[in-house]
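> The sequence isn't on hand, but the structure is:
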């Protein structure tokens, strides 16, 4: 019998991470949970005893509807790397002491790869100690790089934003009859799922970007410049979508050629990759002598809830609900995954997978979905991503701007 549960959010936010929170909360309550608590600022906040009573905060239908339409992480987030129990047993003793104090029977953590590592570590420790607490990971990341799942909640909305903005940028770039190149820098450290989503800008009314550069393909400067030069003999304006994680054959990020170094987070990741677009725009201007500019979509890709995909919102909620159901059915050490059972019509179902087989692995764009020249994606990529951006969830506008919920 599960009486009390606690849920936290971790890592970079998305436009739909709060829909997963709503799914966990409402489903847990419907299944009989007496209390649903929240971690303020994830595991890091929990270690400081920062616990919220979600029954007080989310106890109305309006709160849930606003939550689904609110970007970023309602509970707050962190990038805290769990040590091993051998290295720092006090961390585990503190956490399990808090679980005992609040009578916690199930723990849910909404996040990406590093968050799944946290769930894997807590689950393994609990199992070793004979704890009955159940630990379930709820996937979230705009990067779409978690393994064992067709896609991750958050990706569809980011892809929708990228496609929409690229269409508008392409319209804007064609205003003047001048030779020019626009480089749009898109998030994605090691996997090119977000940059690949730029292909979704293509359609009857838009040709889409001319080139798409992914981290999966080493950057070849001479081939790149030759291709841009050839494109400019066919059209005056060229638009390029480039992942921030594009790197040379020796593994050097292009952004490091602009500004080397930079801070890293607790997991050893560069805290910010920025400059790839500027590097490419400057390279084109210097070598080809034409007007060029760089645009960084930056954090807008993950916080534009006004452009959220309704499919993404619905699936994020369903994944949160499935996590609660998994815990109430006795499962632990699992992550909820999405399985695509049909593309036409599109249909996905949820199932639980071993979180240890997800944590610290990374899903790249399949080589077969990248064109032979390495500078675009194939129709297979579009067929994969197009269903994930369908439909919209209209914000609740008050006095001209969207209304959100906040602590």
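Happy to help now that I have it. No experiment lies behind these values; they were computed from the predicted model shown.
> Give me the below-cutoff pLDDT ranges for the stretch 151-300 of the chain.
In the prediction, the stretch 151-300 of the chain carries residues with pLDDT under 70 at positions 260-272.
> At which residues are the helices of it located?
For the stretch 151-300 of the chain, the helices defined by DSSP state H, counting those that start in this stretch occupy 155-173, 193-196, 221-232, 276-288, 300-303.
> Tell me which of the ones you listed is the most buried.
helix 193-196 (a mean of 29; mean count of other Cβ atoms under 10 Å). The C-beta positions use only the backbone N, C-alpha and C, and glycine is treated the same way.
> For that one, name the packing helices and strands.
helix 155-173, strand 211-213, strand 237-243, helix 379-385 (3 or more Cβ pairs under 8 Å, 6 or more residues apart in numbering; DSSP states H and E).
> Next, the angle strand 237-243 makes with the longest one.
In other words, helix 155-173. Angle of helix 155-173 versus strand 237-243, following axes from the mean of the first three to the mean of the last three Cα atoms, to 10 degrees, is 160 degrees.
> same for helix 155-173, what does it pack against?
Checking 3+ Cβ pairs under 8 Å, 6+ apart, helix 155-173 ends up next to strand 180-186, helix 193-196, strand 237-243, helix 300-303, helix 310-328.
> ok, and what's touching the third one?
Read that as strand 237-243. If you take Cβ atoms under 8 Å, 6 or more residues apart in numbering as the criterion, strand 237-243 is touched by 162, 166, 169-170, 173-174, 178-188, 192, 194-195, 198, 209-215, 228, 231-232, 276-277, 280.
> and the residue lying closest to residue 375 once chain neighbours are set aside, what is it in contact with?
Closest residue to residue 375 apart from its sequence neighbours, by Cβ to Cβ, 6 or more residues apart in numbering: residue 211 at 4.7 Å. Contacts here follow Cβ under 8 Å, 6+ apart; on that basis residue 211 touches 224, 227, 228, 231, 238, 240, 241, 375, 376.
> Dump those residues to CSV, plus distance to residue 121.
Output for the contacts of residue 211, formatted as CSV (distance: Cβ to Cβ, whole Å):
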residue, distance to residue 121
224, 42
227, 46
228, 46
231, 49
238, 47
240, 41
241, 37
375, 40
376, 40
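> Flag every buried residue along the helix or strand hosting residue 122.
Following DSSP states H and E, one finds residue 122 within helix 113-128. Within helix 113-128, the residues scored as buried using 16 or more other Cβ atoms under 10 Å are 113-126.
> Quick one: those residues as a markdown table, columns for pLDDT and distance to residue 158 too.
What follows is the buried residues of helix 113-128, written out as a markdown table (pLDDT from 0 to 100; distance: Cβ to Cβ, whole Å):
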| residue | pLDDT | distance to residue 158 |
| --- | --- | --- |
| 113 | 95 | 16 |
| 114 | 94 | 18 |
| 115 | 97 | 17 |
| 116 | 98 | 19 |
| 117 | 97 | 22 |
| 118 | 98 | 23 |
| 119 | 98 | 23 |
| 120 | 98 | 25 |
| 121 | 98 | 28 |
| 122 | 98 | 28 |
| 123 | 98 | 29 |
| 124 | 98 | 31 |
| 125 | 98 | 33 |
| 126 | 98 | 33 |
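> Of those residues, which is the nearest to residue 388?
residue 113 (19.3 Å; Cβ to Cβ).
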